[in-house]
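In: pasting a predicted model and its sequence here:
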Amino acid sequence: MNTTLVLGAALFWLVAWAANEWLVRLRPSGPLTARAQSIAVPLLFGVTLLVIWEGFTRGFAVPSVLLPPPSAIWARLVSSVPTLWADFRQTFLKAVLAGYFLGCGLGFVVAILIDRSPFLQRGLLPLGNFVSALPIIGIAPIMVMWFGFDWQSKAAVVVVMTFFPMLVNTSAGLAAAGHMERDLMRTYASGYWQTLLKLRLPAAAPFIFNALKINSTLALIGAIVAEFFGTPIVGMGFRISTEVGRMNIDMVWAEIAVAALAGSLFYGVVALTERAVTFWHPSVRGG
Amino acid sequence: MRALAQGRTVPVMAVVAVIVLIWYAGTFFLNAPFERDQAARAGREIAFGELLERTMAQERPVLPAPHQVFVELWDTTVNKAVTSRRSLVYHAWVTLSATLLGFAIGTALGILLAIGIVHNRAMDKSVMPWVIASQTVPILAVAPMIIVVLNAIGLSGLLPKALISTYLSFFPVVVGMVKGLRSPEAIHLDLMRTYNASRSQTLWKLRWPAATPFLFTSMKVAVAISLVGAIVGELPTGAVAGLGARLLTGSYYGQTIQIWSALFMAAALAACLVMVVGLAQTMVMRRMGERP
């Protein structure tokens, strides 16, 4: 055991904690410094986590089969960019994106279609809510059986996973426009489609984006897990399961880092689009 | 009749009936090619009636008919001893125990984190963004590795699976509880101040009761997601028991009926768990004096 490293990491943690306590007590003088503060605090916390991880794994000489230190993972990440890129293209660019757009699009269209039929709404929405709570990921083996080993079967899993949250949220959103506004549209003698396009869809946007955000993480999970059930020799889920078998844990962590980065970026893009589209919403205006 | 149509039961039934019909149609069309192929190889024509009959009773269908799945479900739950390896109840119990353990740890962890976040500004600023970021890590994808690694250091059996569930279920609880613990209005917090209440008194007498509805709502999400975690946790390591293992062996040996029955069992389990949390919510909220 290397005491210096462990103590160093612990010391760093204490100092960083104190620094954070000091940082949050500062009264920011302007919006810019407030912004910098709200970025610096979590950043420092993240760096602390990495330092503790590095210090403890090296200090206690944890075998890299169990938990490699971040520096080793980084080295592995840099040295195997082509493989990671190929996996990323197979899983994310093909399966996730295709499934995500198809599933969200279908959910949206179906929600619009059943909007005019209260009977179908009352029938489909409880089912949709129910299905959202089910372990849908379990259909992965069936989809692999039906659509083959390539990315189409993963996209199919993603479609099913993303469909129901979108359906339920869009339906809830279409009911969100207030009575006053609807009455106003009536006094303008606007038709169903005009009311839908000019009032109800914009009012539903926060709900729709909520579903899009939930789905962005669901889609990645669905595609990766579906790859455990059979896949061509490329893909993030495939790489994770085979490298675990070969005890190349640093490669697995590199793949995880890529997945986390892709997931965060995906989520971030959706969130930024939301800010741009629903600029009028209190939660965006207020912050 | 009109009153019935206004409720939820009739529409839901109608939609379910349509789904079952579509399912039967799908069974026929997906399984028919195999039977036609068989007939062609045997060098004979197959009549429509016979085709229909055969597609509904294949041993390894592309899509099993609903009644096949239910016969299998009935067979593996009622007709087998609960302790038998072939009993679906046994497998469901294996998964359920991991789910519940993970759910309990996750909920406790989530509540603790939320209390810390509400009371400490540094924690709020530094931990909260990472709690959110933690969920963009596709943990389900990482689950196999975590289980293998934990096995290597001697942790095996229930706990590794439960830890996956924990990781998934703490998130909704943290988010819901932070919102809930902050939900008391300023005027109530001021009242507690005029009583000279300490922070822990404010927590137990004001914040906690105010957060209870939020807690139950997040627990419903958490319990459903922790079941998913337990199932996926069983996939990678060649687990021998549990619903996830049933899915995996089913997919290896092309036992589609087994896959579907495991899926329905998982669905029933999820529905029961959410319902139990919902019932607990109703009871607790009634005790707390909520008027329906």
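Out: Nice, I can see it.

In: and the residue positioned nearest the centre of chain A, what element?
Out: Centroid check for chain A by CA atoms, centre = their mean gives A:Thr217 as the closest residue, at 2.7 Å. Assignment of secondary structure by DSSP states H and E places A:Thr217 within helix A:201-226.

In: count of neighbours near A:Ser216?
Out: Using other CB atoms under 10 Å in any protein chain shown, the number of residues around A:Ser216 comes to 24. C-betas here are computed from N, CA, C, even on glycine.

In: nope, B:Gly157 is what I meant
Out: Number of residues near B:Gly157 (other CB under 10 Å) recorded here: 12.

In: residue contacts, the residue nearest to B:Gln258 when sequence neighbours are not counted?
Out: With CB to CB, 6 or more residues apart in numbering or on different chains as the criterion, B:Gln258 has its nearest non-adjacent residue at 4.0 Å, and that residue is B:Gly250. Going by CB atoms under 8 Å, 6 or more residues apart in numbering or on different chains, B:Gly250 touches A:Pro141, B:Thr256, B:Gln258, B:Ile259, B:Ala262.

In: is the first one in a helix, a strand, or coil?
Out: If I follow you right, that is A:Pro141. helix (DSSP: H, G, I helix; E, B strand; the rest coil).

In: name the helix or strand for the closest residue to it other than its chain neighbours, please.
Out: Among residues not flanking A:Pro141 along the chain, B:Ser251 sits closest, at 3.3 Å (CB to CB, 6+ apart). Using DSSP H and E, the element containing B:Ser251 is helix B:243-252.

In: so which residue is dead centre in chain B?
Out: Most central in chain B under CA atoms, centre = their mean is B:Ala224, positioned 3.3 Å from the mean C-alpha point.

In: might one say that that one is in contact with B:Met275?
Out: No. The criterion here is CB atoms under 8 Å, and B:Ala224 misses it with B:Met275 at 10.9 Å.

In: quick one: neighbours of A:Gly173, just the number.
Out: A:Gly173 has 22 nearby residues by other CB under 10 Å.

In: give me phi/psi at residue 62?
Out: Here I'm looking at chain A. phi -70, psi 130 (degrees, to the nearest 10).

In: sorry, should have said chain B
Out: Torsion angles, degrees, to the nearest 10, at B:Val62: phi -70, psi -40.

In: quick check: the residue nearest to A:Pro141 vs A:Val160, distance?
Out: Separation of B:Ser251 from A:Val160 (CB to CB, to the nearest Å): 16 Å.

In: how about whichever strand or helix holds A:Thr33 and chain B, touching?
Out: Element membership for A:Thr33 (DSSP H and E) is helix A:31-59. Yes. Helix A:31-59 reaches chain B (CB under 8 Å from any CB of the partner chain) through A:Gln37, A:Ser38, A:Val41, A:Pro42, A:Leu44, A:Phe45, A:Gly46, A:Leu49.

In: what is that helix packed up against?
Out: Judged by 3 or more CB pairs under 8 Å, 6 or more residues apart in numbering or on different chains; DSSP states H and E, the packing partners of helix A:31-59 are helix A:3-25, helix A:70-79, helix B:121-134.

In: can you give the distance of that helix from its chain's centre?
Out: 22 Å (CA atoms, centre = their mean, to the nearest Å).

In: buried sites along it?
Out: Neighbour-count burial for helix A:31-59, counted by 16 or more other CB atoms under 10 Å in any protein chain shown, picks out A:40-42, A:44-45, A:48, A:51-59.

In: how about stretch A:235-244?
Out: Applying a neighbour-count criterion of 16+ other CB under 10 Å, one finds A:Gly235, A:Met236, A:Gly237, A:Phe238, A:Arg239, A:Ile240, A:Ser241, A:Glu243, A:Val244 buried in stretch A:235-244.

In: please apply the same query to stretch B:262-281.
Out: B:Ala262, B:Leu263, B:Phe264, B:Met265, B:Ala266, B:Ala267, B:Leu269, B:Ala270, B:Leu273, B:Val274, B:Val277, B:Gln281.

In: mean confidence (pLDDT) on that stretch, please.
Out: Stretch B:262-281 shows an average pLDDT of 88 in the prediction.

In: any idea how far that stretch is from the chain center?
Out: The answer for stretch B:262-281 is 7 Å, by CA atoms, centre = their mean.

In: need the contact partners of the helix or strand containing A:Val131.
Out: In the assignment (DSSP H and E), A:Val131 maps to helix A:118-132. Helix A:118-132 has contacts (CB under 8 Å, 6+ apart) with A:110, A:114-115, A:164-165, A:167-168, A:171, B:5, B:7-8, B:10-16, B:271.

In: what does stretch B:90-105 give?
Out: B:82-84, B:158-159, B:161-166, B:168-169, B:222-223, B:226-227, B:229-231, B:233-234, B:241-246, B:262, B:265-266, B:269, B:273.

In: residues of that stretch that come out buried?
Out: B:90-103, B:105.
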